[in-house]
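S.K.: after the sequence you'll find the predicted model.
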Amino acid sequence: MPERLLWIPPALRDGFPHLAAFFPDFTVLPEGAPCPDGAMIAGEGQAVFHEGPWAAPRFNDVKRAVGLVVPGLPAPTHYADEALDAEQCAALPYSRFADPFRETPASLVDALALLALWRGIVAENRQIGAFLHMQPWKRDALARAFGHDSGHAPFAETPAAALAQSNGAVLAWAAKLSAETESKARVPVWRVEDGFIRSVGLGVNFTPAGSLSVDPIGMHYDSTRPSRLERILAEHEFPPPLLDRAAALRAAILRQNVTKYNVGGASEALPISDGRQRILVVGQVENDASIKFGAGRIRTNLGLLRAVRETAPNAFIIWKPHPDVQTGYRPGYVPSRQAARWADLVLTQGDIGPIFSEIDALHTMTSLAGFEALLRGISVTCWGRPFYAGWGLTTDMEVVERRQRRLTLDELVAGSLILYPRYQDPVTGLPCPPEVLLERLTDPAAWADAQPRSLAYLQWWKLQGMILRGLRHIGLVSR
C-alpha cells in the first residue's frame, strides 16, 4: 500500500498540538516541512474537520479536542455504540479520536469516557460563584482546574466579598475556612484541599497539586461531620468493572511505589532488628486540620511516639517526622534527644515509599501514610479518625459511629482514589484520570519549576525554616 502523506498547516497545529494522533493511518509530515505534491492537506478541501458532536469543553484558557469529524477521510476503525444520538451516529463513520494526554489514537469508548469526565467537571465548575482563601501562587492552576468556557469565578480577597456574590457556591480552601464565615453564608460553601496523590514535591516548596479533593458536604479529614467521601464509602455500589480498575490502579501505585509527595530520594536500608516487630511511626504537622478535626486523645507527635512504645514495649520503633515539619516552618518538631527516648531509629531523610517494604506495621494519628501502608498490605493502627479508619481494614484506637459498613481494600481504593478526587495533568493543564497522573509522576520534566519570584521567596522561606527548626531544637520556640 503506497504511503499516504498528510500535511498539517502551522495554524492548525497551534490549536491542536496533538493533531497527528488523530491520523494513525497517515504519515504526518513534521512541523515546518513543505507540503509535497500529492499530499492531503488537513483543514482544506475534502479533509476539512471539526469537533461537531464530540466538542470538548474549555477549562478557562485550556482546551484539547478528543474527537474530530473528518468528512474527507474514512475512520481508521469501525465504531458502534447504541447509546449515541442521531447527530453522533451520523458523524461516526467520519470520526477519529485521540488521547490528548498521551498524544496517541484513542478508542470511541475511551474518548467518550474522557468527554463524560470533562463535561461533569465543567458542569460542577459553573456552579462556583467565587473562590476564597486561595494563595496567589496557586491561582493559575486553580483557574484551569475550576474553569469553563466563560473563564472562571473571581478570586475574592475577603470572606465578606465572597459571601456578597449570589452567582453560585463559594469554593474555599478548607484549612482556612472559619466556622464564622460558614455560618454567615447564604450561598452554598464548598471546600477544596490537596488530593491523596499530590505531586512531585511539597506544597511548602510551591509545587502545584496534581489532585484536588472537592467536597460540598464536609471534608475527608474532618471526622466530626459527614463528607462526600464518607458517603461514597458508606453508600456507593462498587460494580466489578470499577473494582477491576481500582485493583489495577493499586497495582500501578505499588509498582511505582507512589506516595503523596514523592520526595526525599532513596532511603537507607533499615538496620537489623533481631527479629523484633518493626513499627513505623509517622509524624504530622501538629496544627494541620486533620489533627484538629480527626485526632483523638493523642494529638501530638511526642504523645504518639510515647503511646506506641507503651503499647509495643519490645518492638523496633522507627520514627519518621513529617517532611513539612523538617523544613522547620511547620509545628510538630520532636528534638532528637526526646525521639531517641521512645524510638530505636529516627529517619529524617528519604522518601517513605522504600521503607514500606521493610516494616511490619504502621502507627499514625491521621496521616495519609496509613492509607498508603494499607495499599501495600501493611497492618495499620490509627490513633485518630482518618478517612480510611472505621471500615474494617485498620486497628482503630478511636471510633467513628457513623462508619458501620465493612469494605474491601479495592472498594476503599475505588471510592478514595477514583470517585472522590479530581486529577490535574501538569502537562496539558486539563483534568485527567488518575492513571494519567501516575504516568506523569515517572517524568520529573512534566512538573514545571517554580517561577523566579517564587524561587526568591522560597529561599527566604527555607532560611526562615532553618532558623525556626534551630530555635525549636534548643527549646526557645514551642514545638
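M.R.: Yep, it's here. Numbers count the residues shown, from 1 in each chain.

S.K.: contacts and neighbour counts: CA atoms only from here.
M.R.: Noted.

S.K.: and residue 118, how close does it get to residue 105?
M.R.: 18 Å (C-alpha to C-alpha, to the nearest Å).

S.K.: check residue 41 too.
M.R.: In terms of C-alpha to C-alpha, residue 41 sits 19 Å off from residue 105.

S.K.: same check, this time on residue 212
M.R.: Separation of residue 212 from residue 105 (C-alpha to C-alpha) stands at 28 Å.

S.K.: over to residue 220?
M.R.: On the measure of C-alpha to C-alpha, residue 220 and residue 105 end up 37 Å apart.

S.K.: those two: who's more crowded?
M.R.: More neighbours surround residue 220 than the other of residue 220 and residue 105, with 25 against 21 (other C-alpha atoms under 10 Å).

S.K.: enumerate every residue touching the more buried one.
M.R.: Residues counted as contacts of residue 220 (C-alpha atoms under 8 Å, 6 or more residues apart in numbering) are 227-230, 386-387.

S.K.: now it: how far from residue 177?
M.R.: With distances defined as C-alpha to C-alpha, the gap from residue 220 to residue 177 amounts to 15 Å.

S.K.: and for residue 183?
M.R.: Summarising the geometry, the distance separating residue 183 from residue 177, computed by C-alpha to C-alpha, is 11 Å.

S.K.: who's more crowded, the two?
M.R.: Neighbours of residue 183 and residue 177, each counted by other C-alpha under 10 Å, are more numerous for residue 177; the result is 17 against 9.

S.K.: who touches that one in this structure?
M.R.: Taking C-alpha under 8 Å, 6+ apart as the criterion, residue 177 is in contact with residue 133.

S.K.: what about it, distance to residue 225?
M.R.: Using C-alpha to C-alpha, one obtains 15 Å as the distance from residue 177 to residue 225.

S.K.: try residue 103
M.R.: 43 Å.

S.K.: do residue 190 as well
M.R.: Residue 190 is 14 Å from residue 225, by C-alpha to C-alpha.

S.K.: can you check residue 147 too?
M.R.: Distance of residue 147 to residue 225, computed by C-alpha to C-alpha: 29 Å.

S.K.: and residue 65, by the same measure?
M.R.: In this structure, residue 65 and residue 225 are separated by 40 Å, where distance is defined by C-alpha to C-alpha.

S.K.: okay, now residue 194: neighbour count?
M.R.: A count of nearby residues for residue 194, using other C-alpha under 10 Å, gives 20.

S.K.: residues contacting it?
M.R.: Under the criterion of C-alpha under 8 Å, 6+ apart, the contact list for residue 194 reads 209, 211-213.

S.K.: redo those residues as CSV? Include distance to residue 92, secondary structure and neighbour count.
M.R.: Output for the contacts of residue 194, formatted as CSV (distance: C-alpha to C-alpha, whole Å; DSSP: H, G, I helix; E, B strand; the rest coil; neighbours: other C-alpha atoms under 10 Å):
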residue, distance to residue 92, secondary structure, neighbour count
209, 37, coil, 26
211, 33, strand, 26
212, 35, strand, 20
213, 36, strand, 21
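
S.K.: got those as CSV, with pLDDT and distance to residue 409 columns?
M.R.: Formatted as CSV, the contacts of residue 194 follow (pLDDT from 0 to 100; distance: C-alpha to C-alpha, whole Å):
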residue, pLDDT, distance to residue 409
209, 78, 25
211, 93, 21
212, 95, 22
213, 95, 20
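
S.K.: what's the closest of those to residue 341?
M.R.: Checking these against residue 341 with C-alpha to C-alpha, the nearest one is residue 209 at 36.3 Å.

S.K.: thought that closest one was touching residue 196?
M.R.: No. In this structure, residue 209 sits apart from residue 196 without contact. The criterion is C-alpha atoms under 8 Å, and the distance is 9.7 Å.

S.K.: which one's more surrounded, residue 147 and residue 225?
M.R.: Just comparing residue 147 and residue 225: by other C-alpha under 10 Å the higher neighbour count belongs to residue 147, 25 against 13.

S.K.: just for the stretch 251-400 of the chain, where's the confidence low?
M.R.: Across the stretch 251-400 of the chain, residues meeting the criterion (pLDDT under 70) sit at 260-267, 327-329.

S.K.: can you show me the helices along it?
M.R.: Secondary structure of the stretch 251-400 of the chain, counting by DSSP state H, counting those that start in this stretch: helices at 289-294, 301-311, 323-326, 336-342, 368-375.
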